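J.: One predicted model, sequence on top.
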Amino acid sequence: MLRYVLSRFATFLPTFIGVTLISFAFIRVLPGDPIIVMAGERGMSQERYDELVIQFGFDRPVLVQYWEYLTGVLQGDLGTSYVTKRPVWDEFFALFPATLELSICAMIFAVALGLPAGVIAAMNRGKFYDRALMSTALIGYSMPIFWWALLLIIVFSGNLGWTPVSGRIDLLYYFPDTTGFMLIDSLLSGQSGAFTSAVRHLILPTIVLGTIPLAVIARQTRSAMLEVLGEDYIRTARAKGLPPGRINGIHALRNALIPVITVIGLSVGTLLAGAILTETIFSWPGIGKWMVDSIFRRDYPVVQGGLLLIAVMVMVVNLTVDLLYGLINPKIRKR
Amino acid sequence: MSLLRLRNLSVEFATTGGRFRAVDQVDLDVDKGDVLAIVGESGSGKSVSMLALMGLLPWTAKVTADEMVFDGHDLSKMSARARRKIVGKDLAMIFQEPMSSLNPCFTVGFQIREALRIHLGMDRRAAQARALELFELVGIPDPEQRLKAFPHQMSGGMNQRVMIAMAISCSPKLLIADEPTTALDVTIQAQILDLLVRLRDETGMGLVLITHDMGVVAETAQRVSVHYAGQKVEEQPVRPLFRSPHHPYTSALLAALPERATDKRLPTIPGVVPGQFDRPQGCLFSPRCPYADDHCRKVPPAPRGPDLGLARCHYPLNTDERLAS
Amino acid sequence: MDHALSKEVETQVEQRPGRLREFWFYFRENRGAVFGFWIFVAFVIVAATAPWIAPHDPTQQFREFALIPPVWQEGGNWSFPLGTDPLGRDMLSRLLNGARYSFFVGIVVVVVAASGGILLGLLAGFSPKWLDALIMRLMDIILAFPSLLLALVLVAILGPSLTNAMIAIAIVLQPHYVRLTRASVIGELGKDYVTSARVAGAGLWRLMFVTVLPNCLAPIIVQAALSFSTAILDAAALGFLGMGAQPPTPEWGTMLAEAREFILRAWWVVTLPGLAILITVLAINLMGDGLRDALDPKLKRS
Ligand SMILES: Nc1ncnc2c1ncn2[C@@H]1O[C@H](COP(=O)(O)OP(=O)(O)OP(=O)(O)O)[C@@H](O)[C@H]1O
Ligand code: SF4
Ligand SMILES: [Mg+2]
């Protein structure tokens, strides 16, 4: 196990360095001079320009610049937004809970439906339920989610009027951020109707964001189950005269979960990317929307910092998944 | 009334190349305390016939039998639920690959207690005590610790002992051992076989031993059933079989056996067991049989009488007239 | 087993259906895959012939006919079978022409990503440890970024256009090919036929491309089908975000973006382009599943 952990970290570090290099390079490969871009329409005097060049350190050797960038990053200094003039780090963590809340809900939605769907399909291999579930899953997997979001809005917000179209909560309610999670904060605020409003705002984004992970989990669970069901130890379990429910639900599922949990973990990364589209469509004030807005506003420090933070986050998630994989797989754990 | 009675057992697999008959009209009887060895080359349907009896074949298999009676129950006419009450309790099986036959995600203790709790309704403590007892019975040292181990933490020999302990946990009336020693080291092989025979002596259960090893057959079995290409081609008690085989296939098997077997594997005969795409029309052994003639190649032979070891052959060997001539 | 026996086994194997026939057999058995295949064929035909079969020029604006519903609805008009968009352009013509862009994106992205990825993967598989590690870490770095985000940022650097979107998507998809190729190369390298080719004095290039590569193709082909659909989806997503094809290009994602504000008034301008994307992607994925099942012997039954 220790060797496994060390080997995971050994690949983590160079990747981390590489990711910082890319985000460092980002501002320097942009077409045009970043300082002029920053000045925007107004332009600036030559003195001011020279001042800024020194302030950003563009006059020094690239290696020194990178070293300062890296040490800055490690201390949480990611630069300042051109637009809001606030530190990128602070902006990120102010918006992150919104994305996290949405991602968690989407993941719960996907796992709660995807796992049973996959197991049921595998148990009914080739029969009606298998076909129906897997066709649905393939449609979900092929779904352009930005269109799916629009469809859901047409039906549930437009025709039925059940769900709101954008934001996290009705403007009616106001309460301070305690945890950053709207579901919890609205409960804490004690205002009647606030929680319901938060839930109703969450439903469509959750479905949209959860659709592809749901399909992936269902498909993976099915194929992992089918693979496991062909193993010798399942034959042994049947030779012991165990009931099918126990064979599928305990002996097979426990083994099938090993690859499925990996897939679930890896789709956390996909979720954060999917959040770009979902958050943009539903005006969900999270980091996905923040990134897209910043790209359009040419707010380069934000794009640079956000890119780095998101990549590091995905890497940390994947590392955790890898370690978790070691933990749930007895073959690695007990070595 | 014998413990196990199989009549006209056939198994067909649906494959992409069409239907494939892996077991063809097999009759078998096993009594209490009997040790029946099933021998035959790879692909002769030994495993499949026993898996069919246990009801462990995949969904692509179609099993038919006139009679499949175990301990007075006709297994082929039972519901799956009723059958599960027997399989694993009175009728148990161990497999060739001990390493992959145990679930890697659970401790061996869990896997052995599970059977006890399901079939005998034991509570945790009783199951644990019985598991300890079984581990001692099959000769696993330090049983308390071993019960907490995962399969991949133990050797193949130990795992096979666990499999045996699990199989005999509910005192089965018949134990089927499908090449229980093939995957193990030579020294371990003898220990496992001794263990099986000892358990048979102590409990009086029937034992079906599928093997490639003629040495094992000679030492442990009482009766031998020789299988070829899905059919049972001959069945005799051990001594007469070695002395006077009636089917040319059996004879070839024995003839190819070196005087002092150093390599204890089943000796090889030129040619190969017919597979799905090259099944001969008449006698299945005719392409490799030194005695084959046109009649053999056209007409499939039916089993002869018990005096001729039920041999499926038009021209059985070692008959009295042949001895005379 | 003795020699005579193994020789006979070989001849027996040869009598079995050939590999391609076997592949076709499995593929044809999968009805969904065949269905997907025919839809894909139709898609390719539409893409190839769109300018001739489309009733109108996709960018021509019939101002007096803006937002006409499809024919089967009240107010429909036979000269615009699927209605018109807010600028009075014919939906059917735009959808048919949109197939060209999607097909083009898919082909270009798959060719670029696959050829680059296969080259790098072969290189990594054959090269000394340090180079292998270097290549794989590079791929890890690319994979650390969520693909759509990376594509978005790349397009932001290169400037929004369909070409740049394709480049960005190809870069993002390529690591998958590298990993896949490297893994199968390493799997093949240990096999006897490679050793015997080595002993026979095959050069490195020959070993790479003639001996080993053909045996690694099965998973790569499946990946190609999957990334074809991913490319279409991602290009549409970029178009939807305004970072892909630019208006008035009748690209499906861009059409959706233009139609967003009419979402509650004119369902067809929103529903139809998305449906076109979904059906195309679904067909390709169906086909990809069929390919995988037919090429992957592990999942075959019996
Ligand atoms: N699930 C299956 N689908 C199709 N054919 C099968 C299946 N299982 C076994 N067979 C075929 O049935 C035949 C008999 O197999 P079986 O495993 O019973 O042989 P065996 O006598 O036990 O050989 P071995 O000594 O190698 O264990 C073989 O030709 C095998 O290919
Ligand atoms: S029937 Fe003929 S071919 Fe078959 S075993 Fe007997 S003698 Fe040989
Ligand atoms: Mg066998």
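T.: Structure's in. What do you need? These figures come from a predicted structure and were not determined experimentally. Ligands and ions are numbered 1, 2, ... in the order given.

J.: Surely residue C:228 forms part of a helix?
T.: Yes. Looking at residue C:228 with DSSP: H, G, I helix; E, B strand; the rest coil, it is inside a helix.

J.: so where is the chain shaky, pLDDT-wise?
T.: Here I'm looking at chain A. Applying pLDDT under 70 to chain A flags the ranges A:30-43, A:273-274, A:332-335.

J.: My question was about chain C, not that one.
T.: Filtered on pLDDT under 70, chain C yields the residue ranges C:1-18, C:296-302.

J.: what's the residue closest to the geometric middle of it?
T.: By CA atoms, centre = their mean, chain C has its centre lying nearest to residue C:228, at 0.6 Å.

J.: Find the nearest non-adjacent residue to the closest residue to chain C within the stretch 51-200 of chain A, please.
T.: Residue nearest to chain C within the stretch 51-200 of chain A (CB to the nearest CB): residue A:147, separated by 2.9 Å. (C-beta placed from N, C-alpha, C; glycine too.) In space, and not counting its chain neighbours, residue A:147 is closest to residue C:274: 2.9 Å by CB to CB, 6 or more residues apart in numbering or on different chains.

J.: Please tell me I have it right and the one you found contacts residue A:150.
T.: Yes. Between residue C:274 and residue A:150 there is a contact under CB atoms under 8 Å: 7.0 Å.

J.: joint contacts of these two?
T.: residue C:256 (CB atoms under 8 Å, 6 or more residues apart in numbering or on different chains).

J.: Show me which residues of the stretch 51-200 of chain A are close to chain B?
T.: With CB under 8 Å from any CB of the partner chain as the criterion, the stretch 51-200 of chain A meets chain B at residues residue A:125.

J.: so where do the helices sit in the stretch 51-200 of chain A?
T.: Taking DSSP state H, counting those that start in this stretch as the criterion, the stretch 51-200 of chain A carries its helices at A:62-74, A:88-123, A:128-141, A:145-152, A:182-189, A:194-229.

J.: Same list (those helices) but as CSV, adding distance to residue B:168 and mean neighbour count.
T.: Formatted as CSV, the helices of the stretch 51-200 of chain A follow (distance: least, CB to CB, whole Å; neighbours: other CB atoms under 10 Å in any protein chain shown):
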stretch, distance to residue B:168, mean neighbour count
helix A:62-74, 62, 13
helix A:88-123, 31, 20
helix A:128-141, 38, 17
helix A:145-152, 56, 23
helix A:182-189, 56, 18
helix A:194-229, 26, 22
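
J.: Just send those back as JSON lines, with distance to ligand 1 too.
T.: Formatted as JSON lines, those follow (distance: least, CB to the nearest ligand atom, whole Å):
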{"stretch": "helix A:62-74", "distance to ligand 1": "57"}
{"stretch": "helix A:88-123", "distance to ligand 1": "18"}
{"stretch": "helix A:128-141", "distance to ligand 1": "20"}
{"stretch": "helix A:145-152", "distance to ligand 1": "41"}
{"stretch": "helix A:182-189", "distance to ligand 1": "51"}
{"stretch": "helix A:194-229", "distance to ligand 1": "13"}
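
J.: Now do the contacts for residue 175.
T.: Because you didn't say which chain, this covers chain A. Counting by CB under 8 Å, 6+ apart, the residues that residue A:175 touches are A:185, A:186, A:188, A:189, A:191, A:194.

J.: hm, I was asking about chain B
T.: B:92, B:93, B:94, B:167, B:168, B:196, B:199, B:200, B:205, B:206, B:207, B:208.

J.: change it to 10 Å
T.: For residue B:175, the contact set (CB atoms under 10 Å, 6 or more residues apart in numbering or on different chains) comprises B:91-94, B:164, B:167-168, B:196, B:199-200, B:203, B:205-209.
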